[in-house]
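Novice: 3D, please:
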Amino acid sequence: MSLKWGSVYRRPDKTTGVYWVKFFDGGECHRESTGKRGDEGKAAAKDLLKVRQKEIHAATFRPGADLLRMKDLGKLLVADYELKGRRSLGRAKAALVHLEEYFDRTPATRIAAKVPDYIRARRTEEEDKPKAEDATVHYEIAVLRRCFTLAVRAGLLAFRPVIENVSVSNARAGFVDGKAFGALLDHLPDHLELPIRFAYATAWRVGEWSNLKWSDIDFHGEEIRLAGKVTKTGVPRTFPLVGEVKDIIDEAKARTDQWQREHGQVIPTVFWKPREGVAKPLGDFRTEWKDAVAAASLPWLLVHDLRRSAARRWSNAGVPDRVGMALGGWRTRSVYDRYGVVSKDDMRDGLERSAEAERTPQKHKA
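Specialist: Below is the predicted model:
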């Protein structure tokens, strides 16, 4: 049976009785099976042909789109992350495990409709599966969105479906002032004092300063150069070698030079720790950090809070936001605003200054 630009038919082979459709797009012939027989198959074929006609007219038809599954989308994401050298590949793979398990047999074109059910399932406590935190579910949905974006770019899908995500209110408000930071330094082991001071002075992420190399320090140009492959955003940046930062680097250089002379060992990294007569990378220092913050009566303080503290300190000192963002590597203003939190003391000081200004007599104009 012919329908203008396509036709409905039954194949004379092992699938006898199953209705198929044949249609053309840009001169290319396509065939699809309904998997159904009899009057039901005939009606299904007509409906499928109409759907394909609408898709072709709207330029949204993609051959094989109905055959795509979550595992296919996941492969696109992994390949993209590997190509770009994303350090979050491991976390993305962990998210894909849950997504692929839930959407295993669901066609990619129908996944969006089942996302609300997925979110509810992930938030539900089960005997063999713990309840996922909202931040975890939020990340998994973000990974799913990225999968669809890559599928569209690859020409496998015509468009990325609208997928609502869960809202997450997990922004921390922890920070430390100069006095508390000084108390913390008193309880840190010697090999952590300089790197922690550096973190507090630069607002850099742990991954950016823990493996900082001497080759990144330009003493002549008086700046530190951070390669894009090291930064979270992938964008290289520099930090002026002045003030506290210069003092820290000079101290680290003197310490390194002395060790190299006495032990004959070349140390490529700025920050390191001695162990059994050998200089080692900083590595995991969570235990030392936990002990130090507890001894300083700051058990809630995270290393990442030093980054937030620097943003707040710069803001209070009048450093323009665009400068603070460039120094610390914040890509968007909204994220920087989240980090540049205002403390209760800041608000109290502001109100006191305002009240003082109101009490100050003003000269009245004649």
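
Novice: okay, CA-based contacts and neighbour counts for the rest of this
Specialist: Noted.

Novice: Phi, psi for Phe23 please.
Specialist: With angles defined as degrees, to the nearest 10, Phe23 sits at phi -150, psi 170.

Novice: ok, it - contacts?
Specialist: By CA atoms under 8 Å, 6 or more residues apart in numbering, Phe23 lies in contact with 5-7, 29-31, 49.

Novice: Among those, which ones are in strands?
Specialist: 6-7, 29-31 (DSSP state E).

Novice: List only those of those flagged as buried.
Specialist: Neighbour-count burial (16 or more other CA atoms under 10 Å) applied to these gives 6-7.

Novice: Turn the ones in strands among the contacts of Phe23 into JSON lines, including distance to Asp104 and pLDDT.
Specialist: Compiled in JSON lines, those are given as follows (distance: CA to CA, whole Å; pLDDT from 0 to 100):
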{"residue": "Gly6", "distance to Asp104": "32", "pLDDT": "84"}
{"residue": "Ser7", "distance to Asp104": "32", "pLDDT": "84"}
{"residue": "Cys29", "distance to Asp104": "30", "pLDDT": "86"}
{"residue": "His30", "distance to Asp104": "26", "pLDDT": "82"}
{"residue": "Arg31", "distance to Asp104": "25", "pLDDT": "83"}
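
Novice: picking up where we left off before, could you redo the contacts of Phe23 as CSV and give each row distance to Cys147?
Specialist: Formatted as CSV, these follow (distance: CA to CA, whole Å):
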residue, distance to Cys147
Trp5, 33
Gly6, 32
Ser7, 34
Cys29, 28
His30, 26
Arg31, 27
Leu49, 28
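
Novice: residue ranges of the helices in this structure, please?
Specialist: Taking DSSP state H, the helices of the chain run over residues 38-57, 70-84, 89-102, 108-122, 134-153, 178-187, 190-202, 206-209, 243-263, 286-295, 305-316, 321-328, 333-339, 344-359.

Novice: Contacts for the fifth one next, please.
Specialist: Right, helix 134-153. Contacts for helix 134-153 (CA under 8 Å, 6+ apart): 73-74, 76-77, 92, 95-96, 99, 119, 122-123, 157-161, 163, 165-168, 170.

Novice: try it again with 7 Å
Specialist: With contacts defined as CA atoms under 7 Å, 6 or more residues apart in numbering, helix 134-153 is touched by 73-74, 76-77, 92, 95, 119, 157-160, 165-166, 168.
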